[in-house]
Structures are given as structure tokens and as C-alpha cells.
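> give me a model of this one.
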Amino acid sequence: MSRGAMPQPGAWPGAGCAEKSAREAGAAPREGGKAAAGGQPRTAVRCPAEHEEDMYRDADEIEKEKELLTHERELSAEARLSVAPEMDIMDYCKKEWRGNTQKATCMKKGYEEVSQKFTSIRRVRGDNYCALRATLFQAMSQPAALPSWLQDPELTLWAGLAEMRTAEARQVACDELFMNEEEEYSLYEAIKFLMLNRAIELYDDKENGKEVPFFSVLLFARDTSNDPGQLLRNHLNQVGHTGGLEQVEMFLLAYAVRHTIQVYRLSKYSTEEFITVYPTDPPMDWPVVTLIAEDDRHYNIPVRVCEETSL
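As a prediction, the model looks like this:
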């Protein structure tokens with residue numbers, strides 16, 4: 001039932017309905033639920049708010065109301081799910097990019113390219129945890145063995161995933177996890193801690209003259225993150241609150257979760273940056289997660305590899 005159909009504070013149930021019926025009849029409401037029009041009595045109209053409504057409605061009308069309530073419950077469940085159910089990737093593109101502007105054309109061509117490999121997409125909630133959410137959802141959904149940091153017995157929220165070998169079982173478990181805000185956001189904060197730990201290791205290696213990946217040089221070359229302490233205060237602590245992950249921090253995320261992150265950057269279509277890999281030269285044994293980015297801030301998840309591509 002919509003808000004407009006609900007009784008207002010101080011109003012008796014059904015008052016709005018009776019008044020509307022009276023207006024339609026061309027007369028003011030009268031006591032007893034009748035209204036005079038041209039001196040002729042009219043049959044009382046029962047409002048849906050009254051308890052005996054089913055006696056005065058046909059089966060089709062009752063069934064439609066049940067379907068509406070079911071749909072509203074489904075929408076409520078989807079709202080709690082931070083990774084939406086999958087839909088056809090080109091249907092999603094047509095829904096989101098209907099215009100003929102230069103940007104819309106670029107996005108359409110980008111999605112057409114992605115659709116050559118993936119048939120569907122799952123939209124990710126676009127808050128400041130978006131990059132973490134998309135990456136972790138993909139990593140935890142895959143039937144490949146989980147990295148050691150997720151198999152720690154103390155991580156009781158996610159340790160059970162290590163025993164699930166099928167994509168279907170992992171998917172169900174991940175959907176449940178990403179509907180539980182407390183567990184979901186605890187996971188993000190844990191990953192931020194892992195990112196900090198990895199950053200400290202890279203910083204110490206650099207200070208001791210060891211060879212480090214080039215992104216870590218860039219990471220600590222910023223005025224706002226000259227060392228791990230500044231990185232924590234000015235960047236990692238802000239992720240999920242006032243900002244998301246920057247491009248150089250996507251490399252750090254990949255090192256923290258030990259997954260190669262491959263991103264289709266649709267805004268870079270027809271350039272060498274259209275498919276960007278974090279890190280640039282990943283270890284061969286790292287699993288790969290694939291994301292779609294429209295603006296380097298909001299990430300969605302492509303799913304269901306095309307059969308001809310997987311052969």
C-alpha cells in the first residue's frame with residue numbers, strides 16, 4: 001500500500017476513501033456512509049482499509065493486491081542486498097545509457113565489448129565501499145581455493161566458505177553475507193587493515209633498499225601518504241566514509257587480497273587502458289577477479305562467461 005493510501009494521523013480509517021467517493025458522486029459525505037445526489041440515495045462505498053473488504057471484491061482484485069505485496073517484499077529484500085541480482089548485460093546497458101551523447105556512445109561500445117565475454121551483470125551499491133565490495137564479492141564467490149587470509153579459523157564469518165567448492169554454494173553464501181550489514185562492513189574494515197599491513201611491509205622493504213613494485217613508490221610519493229601512518233589517517237580511514245579507493249590503492253588492494261583485479265574501464269574504451277590489470281605483473285598463481293568500471297569510482301560485476309569464450 002502506498003503512503004498516499006494510508007490514514008493520516010487523527011483520521012478515522014476509511015475517511016479519505018469515503019470523502020473521495022462522495023466527491024465523485026457530486027455530494028458531501030453523510031452519516032451512515034450514504035451520499036445524496038439528485039435526491040437519490042447511493043450505495044455505501046467500503047474503503048480498502050475496512051476489515052470486511054474481501055466480501056465486496058472479486059478474486060482478481062484480491063490476487064492483484066497479493067502480487068503487489070509480494071513485489072514490495074522482493075524490492076525490500078533487494079534493497080538490503082548490496083550486490084543486486086544478475087541481469088542481461090546489454091539490457092542493463094540500454095536501461096542506463098539511452099542517450100546519444102559522446103559518453104553514452106562510449107559506454108555502449110564498452111558494454112558491447114564486455115558482452116563478448118560475459119552475458120550478465122550484477123550492479124553493486126555505489127557507496128564509498130564500492131571497490132572493496134565488488135572485489136571481495138567476486139573473490140569470495142569463486143570456487144577456487146580461498147587465500148590463506150580468509151581461511152584463518154578466527155575469521156568465523158567467512159571460514160566456512162573455504163569448504164564450499166561449487167559456484168552455486170559460494171554464491172548463496174555470499175548473497176547472505178552481503179545482506180548482513182554488520183558482517184559485511186566488518187569485512188571491509190578487516191580488508192583495510194590487511195591493506196595497511198601490506199603497505200607497512202612494502203614501505204619497510206623500500207626503506208631497507210629492497211626492490212618493491214613501482215606502485216608502492218607512487219603510493220608513498222603523495223604528499224598525503226608519505227608513510228604508512230599518513231596513508232592510514234588520510235586515505236584508508238576515509239574509505240567507505242568520505243571517499244573510495246584511488247587508482248594507486250587498487251594495486252594495494254590486489255596485493256592485500258592476493259588476487260589479480262582485472263577491470264574493464266568503459267570510459268577508456270578504444271584505448272590501451274580499456275582493460276587495466278592490478279597489479280601489472282601479477283604472480284601466476286593468483287586467482288583473477290573481473291570488474292566493470294564506468295567512472296573509476298563505481299564498480300559492477302560481470303558474470304556468466306560466454307560458452308564460446310570459456311571453451
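
> Asn128 in helix, strand or coil?
coil (DSSP: H, G, I helix; E, B strand; the rest coil).

> that one contacts Gly240, doesn't it?
Yes. Taking contacts as Cβ atoms under 8 Å, Asn128 lies within contact range of Gly240: 5.0 Å. In this view, the C-beta of every residue, glycine as well, is placed from N, C-alpha and C.

> low pLDDT regions in the stretch 101-250 of the chain?
For the stretch 101-250 of the chain, the stretches flagged by pLDDT under 70 are 143-165.

> neighbour count for Asn128 and Gly240, which is higher?
Gly240 (20 against 17; other Cβ atoms under 10 Å).

> could I get the full set of strands for this protein?
36-37, 40-41, 87-88, 118-122, 260-265, 275-278, 288-293, 299-305 (DSSP state E).

> can you pull the buried residues of the last one?
In terms of neighbour count (16 or more other Cβ atoms under 10 Å), strand 299-305 has its buried residues at 299-303.

> now for those residues: which two are most distant?
Tyr299 and Val303 (13.4 Å; Cβ to Cβ).

> follow-up on the earlier one: a markdown table for the buried residues of strand 299-305, including pLDDT and distance to Ile89?
Formatted as a markdown table, those follow (pLDDT from 0 to 100; distance: Cβ to Cβ, whole Å):
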| residue | pLDDT | distance to Ile89 |
| --- | --- | --- |
| Tyr299 | 96 | 14 |
| Asn300 | 97 | 9 |
| Ile301 | 96 | 11 |
| Pro302 | 96 | 7 |
| Val303 | 92 | 9 |
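
> want to try a markdown table for the residues you listed, with distance to Phe193 as columns?
As requested, the buried residues of strand 299-305 are exported to a markdown table (distance: Cβ to Cβ, whole Å):
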| residue | distance to Phe193 |
| --- | --- |
| Tyr299 | 21 |
| Asn300 | 26 |
| Ile301 | 24 |
| Pro302 | 28 |
| Val303 | 29 |
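
> now, which of these sits nearest Val288?
For these, the nearest to Val288 is Pro302 (12.1 Å; Cβ to Cβ).

> hang on, that closest one packs against Tyr264?
Yes. Counting by Cβ under 8 Å, Pro302 touches Tyr264, with 7.4 Å between them.

> quick check: neighbours shared by those two?
114, 290-292 (Cβ atoms under 8 Å, 6 or more residues apart in numbering).

> report the separation between Arg297 and Arg198.
Going from Arg297 to Arg198 by Cβ to Cβ, to the nearest Å gives 22 Å.

> who has more neighbours out of the two?
Neighbour totals were compared for Arg297 and Arg198, and Arg198 leads with 19 against 14 (other Cβ under 10 Å).
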